[in-house]
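Trainee: Quick one: sequence and predicted model below, then my questions.
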Amino acid sequence: FVVQIITGILLAFYYKPSAESAYESVRYITEEATFGWYLRSVHKWGATLMVAAVILHQMRIYFTGAYRKPREINWMVGMCLLICTLMTGFTGYSLVYEQLSFWGATVGANIMDNVPLVGSFFKNMLLGGDSYNEHTLSRFFVLHGAVLPVTMVLLIGIHVTLIRLQGITELHFEDEDTTKPKSFNFFPELIIGLVLMILLSALATILPATMGPRADPLTTPEVIKPEWFFYVVFRWLKLFSGTAAVLSTGFIVFVMLLWPF
């Protein structure tokens, strides 16, 4: 998250959130700005690793039963962090103004429109109108660069505070000695962090971020595919009608949020 904040601020110095200049500003960062290609690649791969880390952490908490009393609230805070992380990935993916990101944002807004009662309102709030227009990118940029990061800082603060108050939960075997006092060795965390930074830098160098075709609102691409972390939802939406898919997805998220109870 810290890597994303730092690289995001550096990228924001050059990024211009408008339909006329967004693509060209990203191209300038990627091809002309000093080490711009590296910063953008670190930011892109950092987003991928962060989403993966949050999902894996949530799975670990679930399969070890670490959400149970008295940690129900922290599970819910973690779920909110997962949602914010996914939304940050979605809004960031949409800022490049490539064909896939443009149509991905359009499809995402149309999906939101299927939510009963409030769907149309939130779609208009997200896009700044009934469809993608000159106000849309600036709204995505504000969400991606300000609203969601600040929300995540607050949630992480609450999350870590609750961990400090409640301690770290561990899975014990029946014959394991549990009388030893709880302690937290920070050294392995530093090693993991160092290894991940090396991996992140290697991925950014070996597989750098590239430029796709510029967004064309008049030409729908033959294949519209989301980022990998939305692929399950994408396939789910293909199996069912719009409203049924959206309501069932919302129900699954609701059940996950209240699972400890």
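Mentor: Received the coordinates, thanks.
Trainee: Beyond the helix or strand bottoming out on mean pLDDT in the chain, next helix or strand please.
Mentor: Ranking every helix and strand in the chain by mean pLDDT, DSSP states H and E puts helix 231-239 at the bottom, with a mean of 86. The C-terminal neighbour of helix 231-239 among helices and strands, as given by DSSP states H and E, is helix 242-257.
Trainee: Now do stretch 193-213: everything it contacts.
Mentor: 3, 26-27, 30-31, 37-38, 40-46, 49, 96, 98-101 (Cβ atoms under 8 Å, 6 or more residues apart in numbering). To be clear about C-beta, it is placed using only N, CA and C from the backbone, and glycine gets the same treatment.
Trainee: what about the residue in the chain sticking out farthest from the centre, is that helix, strand or coil?
Mentor: With Cα atoms, centre = their mean as the measure, the chain has its most outlying C-alpha, relative to the mean C-alpha position, at residue 175: 40.2 Å. Using DSSP: H, G, I helix; E, B strand; the rest coil, the structure places residue 175 in coil.
Trainee: quick one, what contacts it?
Mentor: Applying Cβ under 8 Å, 6+ apart, no residues contact residue 175.
Trainee: Could you tell me how far it is located from residue 65?
Mentor: 19 Å (Cβ to Cβ, to the nearest Å).
Trainee: With residue 174 instead?
Mentor: 15 Å.
Trainee: what comes up buried for the least confident helix or strand of the chain?
Mentor: Using 16 or more other Cβ atoms under 10 Å as the test for burial, helix 231-239 gives 233-234, 237.
Trainee: I'd like those residues as TSV, with distance to residue 78 appended.
Mentor: Listed next are those as TSV, based on distance: Cβ to Cβ, whole Å:
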residue	distance to residue 78
233	19
234	24
237	25
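Trainee: quick one: which of the residues you listed is nearest residue 116?
Mentor: residue 237 (16.0 Å; Cβ to Cβ).
Trainee: Do I have it right that that closest one meets residue 245?
Mentor: Yes - between residue 237 and residue 245 there is a contact under Cβ atoms under 8 Å: 4.5 Å.
Trainee: tell me the contacts of the spatially closest residue to residue 4 that is not a sequence neighbour?
Mentor: Computed as Cβ to Cβ, 6 or more residues apart in numbering, the closest residue to residue 4 that is not its neighbour in sequence is residue 46, at 5.1 Å. Neighbouring residues of residue 46 by Cβ under 8 Å, 6+ apart: 3-4, 7, 200.
Trainee: Please identify which of those residues is nearest to residue 143.
Mentor: Nearest to residue 143 among these, with distances taken as Cβ to Cβ, is residue 4, at 14.4 Å.
Trainee: Distance-wise, check that closest one relative to residue 253.
Mentor: 23 Å.
Trainee: Next: residue 167.
Mentor: 28 Å.
Trainee: do you know how far residue 205 is from residue 128?
Mentor: From residue 205 to residue 128 the distance is 37 Å (Cβ to Cβ).
Trainee: who's more crowded, these two?
Mentor: residue 128 (16 against 13; other Cβ atoms under 10 Å).
Trainee: ok, back up a step: among the contacts of residue 46, which are located in helices?
Mentor: 3-4, 7, 200 (DSSP state H).
Trainee: Let me have those in CSV, adding pLDDT as columns.
Mentor: Output for the ones in helices among the contacts of residue 46, formatted as CSV (pLDDT from 0 to 100):
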residue, pLDDT
3, 95
4, 97
7, 97
200, 96
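Trainee: Distance to residue 114 added to these, as TSV?
Mentor: Formatted as TSV, the ones in helices among the contacts of residue 46 follow (distance: Cβ to Cβ, whole Å):
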residue	distance to residue 114
3	35
4	30
7	34
200	36
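Trainee: The residue nearest to residue 4 belongs to a helix, doesn't it?
Mentor: Yes - counting by three-state DSSP, residue 46 is found in a helix.
Trainee: going forward, begin numbering at 37 instead of 1
Mentor: Okay, residue one is now 37; in that scheme the one you just asked about reads as residue 82.
Trainee: Tell me the pLDDT of it.
Mentor: Note on residue 82: pLDDT of 97.
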